[in-house]
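K.L.:
from the sequence below, what's the structure:
(2 chains)
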There are 2 protein chains.
Amino acid sequence: MNDPDMTTPRYAAPTLLSFATRLLAAAGLNSGKSDAVASILVEGDLMGHSTHGLTLLGPYLRELEAGTMRRDGEPDVLQDRPAAVTWDGRRLPGPWLVLQAMALATERAKQCGTGSVVIRRSHHIACLAAYLKRATDAGLLMFLTCSDANSASVAPFGGLDPVFTPNPLSAGIPTPALPILVDISTSSTTNGLTNRLHQEGGRLPAPWLIDGHGQPSDDPAVLFNEPKGTILPLGGMDSGHKGYGLSLLVEALTGGLAGQGRADPREGWGATVFLQIIDPAAFGGSEAFTRQTGAIVQQCHASRPAHAGQQVRMPGERGLRLALEQQRSGVRLYPSILPSLEPWARKLGVDLPMPTA
Amino acid sequence: MNDPDMTTPRYAAPTLLSFATRLLAAAGLNSGKSDAVASILVEGDLMGHSTHGLTLLGPYLRELEAGTMRRDGEPDVLQDRPAAVTWDGRRLPGPWLVLQAMALATERAKQCGTGSVVIRRSHHIACLAAYLKRATDAGLLMFLTCSDANSASVAPFGGLDPVFTPNPLSAGIPTPALPILVDISTSSTTNGLTNRLHQEGGRLPAPWLIDGHGQPSDDPAVLFNEPKGTILPLGGMDSGHKGYGLSLLVEALTGGLAGQGRADPREGWGATVFLQIIDPAAFGGSEAFTRQTGAIVQQCHASRPAHAGQQVRMPGERGLRLALEQQRSGVRLYPSILPSLEPWARKLGVDLPMPTA
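P.N.:
All right, here's what the predicted structure looks like:
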């Protein structure tokens, strides 16, 4: 959510979508897959999640080129129960797999009340929040989480050696108006933000890291200097047992249910995914559901602000409003994004997008 | 987890169980219900959750006497789908309802892969961790959360007016050895702990509260003095948007799916419950699941301690070991608990338990 400044050029969302789709197609993805990946990445930038939007396209293209992101085929079905399906994603593009899994989980939720899909060996799935609105637009509650057993930057609470990825956890909650979109890491911060701040010589807003000697720190450099530090679990030094517990829950839902993860040899950058679609109509009813969530939004908005002039917001509210504004007026890309894609555009013979006038 | 000191007398767990069961029976619960409530309360004390064990028995007896906890009958089934059942708990005792719901959810999980039960109008459900081991002992992953729309002590992030209860979230995760039992509030702390510290004149370990003027505080008195403060969401001043997001997810799963909650008139102390049983056998397989969770436990335990001599623990590990020790050697009750039950024992004609020799 680090918004570039107001002088940054804007790009029409459809222009960015077409640019990303053409790059992915040129890299060998068929139209279903290139459309899915491009739309999820652009959705990330539309909502201002600049570390999880088109900034990932270069790395994805590199993985396609290396064959470590697979281009062709379908996931293997490992198990299929009425409300629970398990896939081997065969390292296919994550956004495409997740969108396919959402469609299947939605079908099952309509039949059973809930539908879960677990995907082992997905490739990276980008911005979790980008998926949620598709479910909430259909009146469905969605829960989505992932981990990547191929890397570790977060230590268990009280430890120095990393075991977990930031293990994000997200949920889309329908309301009578804008949906609530929760998208948080169960760690204090993410690899994306610390890497970027380290390159830029910045500091974190709070001591979200612990150095290799066990001291809390706000300096991203502690993740890179020896002895290497780690990212603290959500809750930091005084409540990190809570983020640690949530990280473990994410591991259980992803690597555990997938039956592939931290007990196995590393395969390279990827994701293990758990998603669940919950149909409120199968419980207390859709209208009863949004009557409650609407009341809660109203009560949160009515809560007097702790800091004068800063009204309480719902999770996702800023991103959804930003997306609406940027859909109308064009997307302000984080400054490093297009330069990172220039070599790919040249190599794959795709024209760079032109800013809006 | 405030352990009473070593001079505190010990009581045999079966003695406490029988004492609690007889009090509840004398207050009018049949044997199924009194056994369920007593065993969950004693389980809380066994694991050291002293704010959520027998300390609740007095208040429960008061509610039974007042008729605000209902003695007789069964929950009403509001909706029944293959993997999703919704009950009206009719203000019956929470621990009994939750144990019944777990049995039903387990059946459905065996058929469908997952089984969820939502309960509106349950009475209070005590210690969430007390339920989890029954699921993990059967090799099942369990997720349990609740809220109480009848009270509010946690403000949305950035706000001063409370909207939420501490909205606990718990999960039981089978491993090849001790299960992982996650039981956290999505707020920085709980009403139970702040009430107790306020009575004792103590302070919290960190600024987990915000006073009525928007200043962070570690003094429980700010919850009682005008203008009243609130409990901060998990993550506190710098990351409270994450706890806030989790609180909203809990509200959606409980009041939202139950179709009864913060949009409705208050009914008095109670709980709205969401629980889900997930059968690993329906996904990647039970053995594959514990192979992963076992590896994670091993990796966490192997993480070098941040503080010399303090080995990394798994969530629930201390409580489970304490329960085993207290089952053998007797339970050290928090000092205020038995005195709070003396008037009830007298009134209901039940002998007070005798400590072990």
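K.L.:
before we move on, what SS does the nearest residue to residue A:96 once chain neighbours are set aside have?
P.N.:
Leaving aside its chain neighbours, residue A:96 sits nearest to residue A:36 (3.9 Å; criterion: Cβ to Cβ, 6 or more residues apart in numbering or on different chains). Where you see a C-beta, it was placed from the backbone N, CA and C, and this is true even at glycine. Secondary structure state of residue A:36, per DSSP: H, G, I helix; E, B strand; the rest coil, is helix.
K.L.:
repeat for residue A:275
P.N.:
strand.
K.L.:
any idea which element the closest residue to it other than its chain neighbours lies in?
P.N.:
In space, and not counting its chain neighbours, residue A:275 is closest to residue A:144: 4.5 Å by Cβ to Cβ, 6+ apart. Per DSSP states H and E, residue A:144 falls inside strand A:141-147.
K.L.:
next SSE downstream of that strand?
P.N.:
strand A:168-173.
K.L.:
after that next one comes which helix or strand?
P.N.:
Downstream of strand A:168-173 (by DSSP H and E), the next one is strand A:180-185.
K.L.:
which elements pack onto that following strand?
P.N.:
In terms of contacts (3 or more Cβ pairs under 8 Å, 6 or more residues apart in numbering or on different chains; DSSP states H and E), strand A:180-185 is packed against helix A:129-136, strand A:168-173, helix B:236-251.
K.L.:
convert the second one to CSV, retaining C-alpha atoms only.
P.N.:
Going back to what we said before, that points to strand A:168-173. What follows is strand A:168-173, C-alpha atoms only, in CSV (Å, rounded to 0.1, in the frame of the first residue of the first chain):
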residue,chain,number,x,y,z
PRO,A,168,-1.0,-15.0,4.6
LEU,A,169,-4.6,-15.6,5.5
SER,A,170,-7.4,-13.8,3.7
ALA,A,171,-11.2,-13.7,3.8
GLY,A,172,-13.9,-12.1,1.7
ILE,A,173,-17.0,-11.2,3.6
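K.L.:
let me have the helices and strands packed on strand A:180-185 in TSV, adding mean pLDDT and mean neighbour count as columns.
P.N.:
Shown next, in TSV, are these (pLDDT from 0 to 100; neighbours: other Cβ atoms under 10 Å in any protein chain shown):
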stretch	mean pLDDT	mean neighbour count
helix A:129-136	97	24
strand A:168-173	98	28
helix B:236-251	97	26
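K.L.:
how about the lengthiest helix in chain A, which residues are buried there?
P.N.:
Criterion DSSP state H: the longest helix present in chain A is helix A:94-112. Within helix A:94-112, the residues that qualify as buried are A:94-102, A:104-106, A:108-112, counting by 16 or more other Cβ atoms under 10 Å in any protein chain shown.
K.L.:
can you give me the strands for chain A?
P.N.:
A:10-11, A:76-81, A:84-88, A:114-122, A:141-147, A:168-173, A:180-185, A:209-210, A:216-217, A:230-231, A:271-278, A:331-332 (DSSP state E).
K.L.:
which residues of chain A score low on pLDDT?
P.N.:
The model of chain A has pLDDT under 70 over residues A:1-6.
K.L.:
show me it divided up by domain.
P.N.:
A:10-188+A:232-297+A:314-348, A:189-231 (automatic domain parsing).
K.L.:
and of these, who's closest to residue B:343?
P.N.:
With Cβ to Cβ as the criterion, residue B:343 lies closest to domain A:10-188+A:232-297+A:314-348 of the domains of chain A, at 36.3 Å.
K.L.:
thought residue A:89 was touching residue A:119, still the case?
P.N.:
Yes. Between residue A:119 and residue A:89 there is a contact under Cβ atoms under 8 Å: 4.5 Å.
K.L.:
so what sits against both of those two?
P.N.:
The contact sets of residue A:119 and residue A:89 overlap at A:75, A:97, A:273 (Cβ atoms under 8 Å, 6 or more residues apart in numbering or on different chains).
K.L.:
pull out the buried residues from stretch A:341-354.
P.N.:
So for stretch A:341-354, counting by 16+ other Cβ under 10 Å, buried means A:341, A:344, A:345, A:348, A:350, A:353.
K.L.:
just send the residues you listed back as TSV, with distance to residue B:160 too.
P.N.:
Formatted as TSV, the buried residues of stretch A:341-354 follow (distance: Cβ to Cβ, whole Å):
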residue	distance to residue B:160
A:341	45
A:344	49
A:345	50
A:348	53
A:350	51
A:353	45
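K.L.:
ok, and which of those reach chain B?
P.N.:
Among the buried residues of stretch A:341-354, no residue is within reach of chain B (Cβ under 8 Å from any Cβ of the partner chain).
K.L.:
can you map out the helices along the stretch 201-350 of chain A?
P.N.:
Counting by DSSP state H, counting those that start in this stretch, the stretch 201-350 of chain A has helices at residues A:236-251, A:257-258, A:286-302, A:317-329, A:337-348.
K.L.:
quick one: list the elements packing against the second one.
P.N.:
Okay, so that is helix A:257-258. strand A:114-122, strand A:271-278.
K.L.:
got CSV for those strands, with distance to residue A:303 and mean neighbour count too?
P.N.:
Formatted as CSV, those follow (distance: least, Cβ to Cβ, whole Å; neighbours: other Cβ atoms under 10 Å in any protein chain shown):
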stretch, distance to residue A:303, mean neighbour count
strand A:114-122, 31, 28
strand A:271-278, 27, 27
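K.L.:
what about stretch A:163-178, distance to the chain center?
P.N.:
On the basis of Cα atoms, centre = their mean, to the nearest Å, stretch A:163-178 is displaced by 9 Å from the centre of the chain it belongs to.
K.L.:
repeat that for stretch A:128-138.
P.N.:
Per Cα atoms, centre = their mean, the centroid offset for stretch A:128-138 relative to its chain is 12 Å.
K.L.:
list of residues touching that stretch?
P.N.:
Defining contact as Cβ under 8 Å, 6+ apart, one finds that stretch A:128-138 is touched by A:40-41, A:43-44, A:47, A:49, A:52, A:95, A:98-99, A:102, A:106, A:141-142, A:144-146, A:168, A:170-174, A:179, A:181, A:183, A:277, A:316, A:319-320.
K.L.:
please redo it, this time with the cut-off set to 7 Å
P.N.:
Stretch A:128-138 is contacted from outside by A:40, A:43-44, A:47, A:49, A:98, A:102, A:106, A:142, A:144, A:168, A:170, A:172-174, A:179, A:181, A:183, A:277, A:316, A:319, using Cβ atoms under 7 Å, 6 or more residues apart in numbering or on different chains.
K.L.:
ok, back up a step: hang on, the residue nearest to residue A:275 packs against residue A:278?
P.N.:
No. Using Cβ atoms under 7 Å as the test, residue A:144 is too far from residue A:278 to be in contact (11.7 Å).
K.L.:
can you name the residue of the stretch 101-250 of chain A nearest to chain B?
P.N.:
residue A:113 (2.4 Å; Cβ to the nearest Cβ).
K.L.:
so what's that residue closest to, chain neighbours aside?
P.N.:
In space, residue A:113 is closest to residue B:84, 2.4 Å off (Cβ to Cβ, 6+ apart).
K.L.:
and for residue A:306?
P.N.:
Closest to residue A:306 by Cβ to Cβ, 6+ apart is residue B:214, at 3.7 Å.
K.L.:
show me what contacts that neighbour?
P.N.:
A:306, A:307, B:160.
K.L.:
what's the neighbour count on the first one?
P.N.:
Number of residues near residue A:306 (other Cβ atoms under 10 Å in any protein chain shown) recorded here: 25.
K.L.:
what about the residue lying closest to residue A:8 once chain neighbours are set aside, how many residues nearby?
P.N.:
Leaving aside its chain neighbours, residue A:8 sits nearest to residue A:332 (4.5 Å; criterion: Cβ to Cβ, 6+ apart). Counted with other Cβ under 10 Å, residues neighbouring residue A:332 total 22.
K.L.:
returning to what we had before: for residue A:32, find the nearest of the helices and strands packed on helix A:257-258.
P.N.:
Closest among those, using Cβ to Cβ: strand A:114-122, at 15.8 Å.
K.L.:
near chain B, which residues of the stretch 1-150 of chain A show up?
P.N.:
Contact residues (Cβ under 7 Å from any Cβ of the partner chain) of the stretch 1-150 of chain A with chain B: A:78-79, A:81-84, A:86, A:111-114, A:116, A:118, A:120, A:141.
K.L.:
okay then, goodbye and thanks.
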